[in-house]
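S.K.: model the following, please.
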Amino acid sequence: MSIINEYLKRLTEYVKQEQLVKNGEKLLLAVSAGADSTAMLYLFSCLRFRCNFSLLAVHINHRLRGGSSDLDEQHIKNTCMRLSVPLIIRRIDISGAHDLENRARLARFEVFNQILESYRFGKVLLAHHKWDLAETVLLNLFRGSGLGGMAGIKPKAGNVAHPMLAFTPLELRDLLLEAGISWREDESNLDNRFTRNRVRNELMPHLAEAYNPQIREKLADEAAILLQADQYIAAKAARKFKRIGFENGRGRVILSLPDLRKAQSIEQYYVLRKAFSLVSGSQQDFFGCHLRELVGLIEAEGSKHISLPRGVFAIKRYQELHFSLFPEDVRAPVSEALVIDGERARAVHMDYRFSFRYLKVLPPDHIEIRTGRVILDADKIMGKIRIRGRADGDRFIPFGMRDFKKLKDFFIDEKVAKYDRDLIPIFEDDEKIFWICGYRIDDRVRYTESTSRFLMIEAESLLENPNRAASRKKRGTNELDEL
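M.R.: Got it, this is the predicted structure:
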């Protein structure tokens, strides 16, 4: 059997075993001019009619190596033309040397996702091979990425598949030589300023010479075992997550701290990683150091927060741990009330700007519903107005009702997220709560046909419009008749 037929058989079996792709799928192949992705391109071009694949190659020119990058682009054009595979080329600029590898990876995936969506393709195939897997195991071990990271490159993750993990780079070069297809060497792979290159060019050869000539194969075999262990524990932790956490809105996850503390340490790690991945969209960049930070946050007194990779905030609030992408969620609940005297026209409290106006007549647009504005019977406000956060035992009579309702039950019925409830201003006088800001007034302060004096309160979020100057109008110039 020729190498080509042998490797086609191996690839077909590996794809079936790992359930990487299905017959008839539309596949996006990420190709450089290197041997690994060129071999992947060739093998799938041989399989496309047998498996009814629709293939689209994409080459990203980072323009980091001057003329060499342009030669790579031309070479892959010629290869795709020879194999009759359509090709899309994207040229991107990545300025600066800091964290170049990671930024280039993120930029590539942004392009891949755009093309997947635009052309309605199912998966993107990357050409990482068995030795890349071995290197990733070591790199993730050094980073403290846990069991999942030491499992290395997963055969399939979401809409990304790695079919070349069944091969070594030497095998892929032998394949291309037999097929008569050339490739280009990327000289940046010899640049040992990059961590992965140092592992590939220095550490791995040393380990092979001094400890085990089969070190790459052994690491790849161990990665397969670790992947099974990771998947087993992750499945158990997912069931635990359903009991102690929930996803409430895009970009937010909440965990119950009492329930989380009861879990075993390994379960806590997987639950925390799952919460991070649900919010960030990826398990990448969650390492042992972040677990230690989260444990410290959980054990800390009071409400605190930390910043995690990918723009995620972890916030401890009472007996809950929140994961969020929104900086405003880091705000701590305000404990002190603000007292408003009768002469005050404006106030800033709890991240809101409030205005108070006493009127003789209703404004022309009073029928229009505005979430941040209410009009009350001013004479039904008893004593001074106070603005505060919610408190245990709060209750009021919602507009249109006759009986009291607990504020907690009101928030549940209105589907107000737990992380928002402490940030909602509550208006009260000396006798009662009369406005849940942005939601409902108390029925006892509603105006009627006999009302002779109105109070209009407007609330504007400082987070949405922090720099707007407070508008001022001279008395007598407004169409409303102010008292």
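
S.K.: and A391, which of the three is it?
M.R.: Taking DSSP: H, G, I helix; E, B strand; the rest coil as the rule, one finds A391 in the coil state.

S.K.: can you count the residues close to it?
M.R.: When neighbours are counted by other CB atoms under 10 Å, A391 registers 12. The C-beta positions use only the backbone N, C-alpha and C, and glycine is treated the same way.

S.K.: now do the same contact list for it.
M.R.: The contact partners of A391, by CB atoms under 8 Å, 6 or more residues apart in numbering, come to I426.

S.K.: could you check the pLDDT of it?
M.R.: Predicted confidence (pLDDT) for A391: 90.

S.K.: can you check the one 5 residues further on too?
M.R.: According to the per-residue confidence, F396 scores 97 in pLDDT.

S.K.: likewise for the one 10 residues further on?
M.R.: On the pLDDT scale, K406 is placed at 96.

S.K.: now the one 5 residues further on
M.R.: Residue-level confidence at F411 comes out at 93, pLDDT.

S.K.: test my guess that it contacts R421.
M.R.: Yes: F411 lies in contact with R421 (CB atoms under 8 Å); the separation is 5.3 Å.

S.K.: please name the nearest non-neighbouring residue to R252.
M.R.: Using CB to CB, 6 or more residues apart in numbering and skipping residues adjacent in sequence, the residue nearest R252 is S324, 4.9 Å away.

S.K.: neighbours of that neighbour, how many?
M.R.: Using other CB under 10 Å, S324 is surrounded by 21 other residues.

S.K.: common neighbours of F411 and R421, please.
M.R.: Common neighbours of F411 and R421 (CB under 8 Å, 6+ apart) do not exist.

S.K.: residues touching the residue lying closest to R120 once chain neighbours are set aside, list them.
M.R.: Using CB to CB, 6+ apart and skipping the chain neighbours, the partner closest in space to R120 is K26 (7.0 Å). If you count contacts by CB under 8 Å, 6+ apart, K26 has them with F53, S54, L56, Y119, R120, F121, G122.

S.K.: now the residues you listed as a markdown table including pLDDT, distance to R440 and secondary structure?
M.R.: As requested, those are exported to a markdown table (pLDDT from 0 to 100; distance: CB to CB, whole Å; DSSP: H, G, I helix; E, B strand; the rest coil):
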| residue | pLDDT | distance to R440 | secondary structure |
| --- | --- | --- | --- |
| F53 | 94 | 57 | coil |
| S54 | 95 | 54 | strand |
| L56 | 96 | 54 | strand |
| Y119 | 92 | 48 | helix |
| R120 | 92 | 45 | coil |
| F121 | 94 | 48 | coil |
| G122 | 89 | 47 | coil |
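
S.K.: buried ones among those?
M.R.: Neighbour counting with 16 or more other CB atoms under 10 Å marks F53, L56, F121 as buried within those.

S.K.: can you lay out those residues as a markdown table showing distance to R353?
M.R.: Below are those laid out as a markdown table (distance: CB to CB, whole Å):
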| residue | distance to R353 |
| --- | --- |
| F53 | 58 |
| L56 | 52 |
| F121 | 48 |
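
S.K.: hmm, back to that, the residue nearest to R252: what's it in contact with?
M.R.: Contacts of S324 (CB under 8 Å, 6+ apart): G251, R252, V253, V279, V312, F313, I315, V330, Y419.

S.K.: Y318 now?
M.R.: S303.

S.K.: now G149
M.R.: Going by CB under 8 Å, 6+ apart, G149 touches N140, L141, R143, F287.

S.K.: give the buried residues for the helix or strand I115 falls within.
M.R.: Here I115, judged by DSSP states H and E, is contained in helix 100-119. Buried residues in helix 100-119, counting neighbours by 16+ other CB under 10 Å, are found at L100, A107, R108, V111, F112, I115, L116.

S.K.: how far away is the closest residue to V31 other than its chain neighbours from N189?
M.R.: Spatial nearest neighbour of V31, excluding adjacent residues (CB to CB, 6+ apart): S37 at 4.3 Å. Per CB to CB, to the nearest Å, S37 is found 13 Å from N189.

S.K.: between those two, which has more neighbouring residues?
M.R.: Using other CB under 10 Å as the criterion, S37 and N189 rank with S37 on top: 25 against 13.

S.K.: longest helix anywhere in this structure?
M.R.: Using DSSP state H, we find that the single longest helix of the chain is helix 215-244.

S.K.: mean confidence (pLDDT) on that helix, please.
M.R.: Mean pLDDT, computed over helix 215-244, is 91.

S.K.: give me the contact list for the next helix-or-strand element following that helix.
M.R.: Per DSSP H and E, the first helix or strand lying C-terminal to helix 215-244 is strand 245-247. The contact list for strand 245-247 (CB under 8 Å, 6+ apart) reads V253, I254, L255, S256, L260, V271, K274, A275, L278.

S.K.: so which of those residues sit within helices?
M.R.: The helices, defined by DSSP H, take in L260, V271, K274, A275, L278 from the contacts of strand 245-247.
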